[in-house]
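A.B. asks: sharing a model that was predicted from the sequence below.
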Amino acid sequence: MSTAPRVAPPRVLTVAGSDSGGGAGIQADLKTMLALGVHGMSVLTAVTAQNSLGVQGAWELPVEAVRAQYRSVVDDIGVQAVKTGMLASAELVEAVAELVGGTHAPVVVDPVGVSKHGDPLLASSALDSVRTKLLPVATVATPNLDEVAQLTGVRVESADGMRRAAAAVLSYGPAWALIKGGHLSGDAVDFLTDGSDELWLRAPRFDNRHTHGTGCTLASAIASGLAKGQTVPDAVTAAKEYVTGAIAAGFALGEGIGPVDHGWRFRADHGPGADDGRDGHDADGTDPA
Ligand SMILES: Nc1ncnc2c1ncn2[C@@H]1O[C@H](COP(=O)(O)OP(=O)(O)O)[C@@H](O)[C@H]1O
Ligand SMILES: Cc1ncc(COP(=O)(O)OP(=O)(O)O)c(N)n1
């Protein structure tokens, strides 16, 4: 039986580091893209030896290897959206900023600074390059509150400060800033603005310690929505819903912080708070340990 070739799904490229434990970085990005129905592609910037306990080692790739991967993918296959994550050094930040700045596709910049365990994923000497080279070419920048403080000096202790944080991030030139309130207490509240339109995104906070990879997952989900032609507010709204479900279904792995569940929508009984019957995960998202 002959079948006509399928029309290719939208293509999304992640430029990020590898997490050997599979919860964050390139691995989280590609899983998110699969779950959201786009074709995921990757440009590796660094390799980390990483697990549920932290980052045991990190090695950058040479700039020429990053450039070559990028050109291979973009020049032949093409991209409808790009997401950047761990970029490690000033040299890599500047090379990636130049590459994505010359590509006709929306760019989601997750300015990854430090892992959940406190391990540095970006040299402090690279902060200025993030501010002056990478943020100006971003369609959406998605800093968490630690990254906001590192990049802008603005410290946010409650949702009230998020508007001020967004203004400080926007001053470096991204079209939109999404300030993530995952590190606050209470509801998980994020704030999106382009300086005139504003959107508050609110979800219940799950009392689940297995949240490794939340930021990578959210940024990749936004890029996936943009590649499908959604507006920034629609893509961010859909991405927030996806990451919320993934956090609710996060599961224990290893001795430390387990990953969010990128495949939660594939489970028979999915949804925030649903009990899919796996060991080690309660219906209310609490850690039984
Ligand atoms: N425990 C939680 N329950 C629900 N949502 C959360 C929780 N922790 C983080 N989030 C959400 O996950 C997304 C990523 O945020 P955050 O964890 O702050 O990013 P990062 O991984 O970059 O530190 C945001 O939408 C945030 O509100
Ligand atoms: C290789 C790599 N890239 C990025 C991160 C940070 O990911 P994030 O989604 O912010 O998740 P946490 O580290 O906060 O759990 C990473 N750890 N490794």
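C.D. replies: It's in. Ligands and ions are numbered 1, 2, ... in the order given.
A.B. asks: which SSE is Val236 in?
C.D. replies: According to DSSP states H and E, Val236 maps onto helix 232-248.
A.B. asks: by contact count, what packs against that helix?
C.D. replies: Taking 3 or more C-beta pairs under 8 Å, 6 or more residues apart in numbering; DSSP states H and E as contact, the helices and strands that helix 232-248 lies on are strand 188-193, strand 198-203, helix 214-227. C-beta here means a position set from N, CA and C on the backbone, and glycine is covered the same way.
A.B. asks: the longest strand seen in the chain and ligand 2, are they touching?
C.D. replies: Among the elements of type strand in the chain, defined by DSSP state E, the one spanning the most residues is strand 39-51. Yes. Judged by C-beta under 6 Å from any ligand atom, strand 39-51 comes into contact with ligand 2 through 48, 50.
A.B. asks: in its sheet, what does that strand sit against?
C.D. replies: Using DSSP bridges, the neighbouring strands of strand 39-51 in the sheet come out as strand 11-19 (parallel), strand 54-60 (antiparallel).
A.B. asks: still on that earlier bit, JSON lines please, covering the helices and strands packed on helix 232-248 and showing distance to Gly161, mean pLDDT and mean neighbour count.
C.D. replies: Formatted as JSON lines, the entries for those read as follows, by distance: least, C-beta to C-beta, whole Å; pLDDT from 0 to 100; neighbours: other C-beta atoms under 10 Å:
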{"stretch": "strand 188-193", "distance to Gly161": "10", "mean pLDDT": "98", "mean neighbour count": "22"}
{"stretch": "strand 198-203", "distance to Gly161": "13", "mean pLDDT": "97", "mean neighbour count": "16"}
{"stretch": "helix 214-227", "distance to Gly161": "19", "mean pLDDT": "98", "mean neighbour count": "29"}
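A.B. asks: CSV please, covering the ones you listed and showing distance to ligand 2.
C.D. replies: What follows is the helices and strands packed on helix 232-248, written out as CSV (distance: least, C-beta to the nearest ligand atom, whole Å):
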stretch, distance to ligand 2
strand 188-193, 14
strand 198-203, 16
helix 214-227, 3
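A.B. asks: can you tell which of these is closest to Val38?
C.D. replies: Between Val38 and the helices and strands packed on helix 232-248, the shortest gap by C-beta to C-beta is with helix 214-227, which sits at 4.7 Å.
A.B. asks: tell me what angle the closest one forms with helix 232-248.
C.D. replies: With axes from the mean of the first three to the mean of the last three C-alpha atoms, to 10 degrees applied, the angle from helix 214-227 to helix 232-248 works out at 140 degrees.
A.B. asks: CA-only coordinates of helix 214-227 in PDB, if you can.
C.D. replies: Extracted as PDB, the C-alpha positions of helix 214-227 are listed here (Å, rounded to 0.1, in the frame of the first residue of the first chain):
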ATOM      1  CA  THR A 214      10.200  23.300  35.000                       C
ATOM      2  CA  GLY A 215      11.900  26.300  33.300                       C
ATOM      3  CA  CYS A 216      13.200  24.300  30.300                       C
ATOM      4  CA  THR A 217       9.800  22.700  29.800                       C
ATOM      5  CA  LEU A 218       7.900  26.000  30.000                       C
ATOM      6  CA  ALA A 219      10.200  27.800  27.500                       C
ATOM      7  CA  SER A 220      10.100  24.800  25.000                       C
ATOM      8  CA  ALA A 221       6.300  24.700  25.300                       C
ATOM      9  CA  ILE A 222       6.200  28.400  24.500                       C
ATOM     10  CA  ALA A 223       8.500  27.900  21.400                       C
ATOM     11  CA  SER A 224       6.300  25.000  20.300                       C
ATOM     12  CA  GLY A 225       3.200  27.200  20.400                       C
ATOM     13  CA  LEU A 226       4.900  30.000  18.600                       C
ATOM     14  CA  ALA A 227       6.000  27.500  15.900                       C
END
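A.B. asks: coming back round to it: what's the average pLDDT for the longest strand of the chain?
C.D. replies: Taken as a whole, strand 39-51 carries a mean pLDDT of 98.
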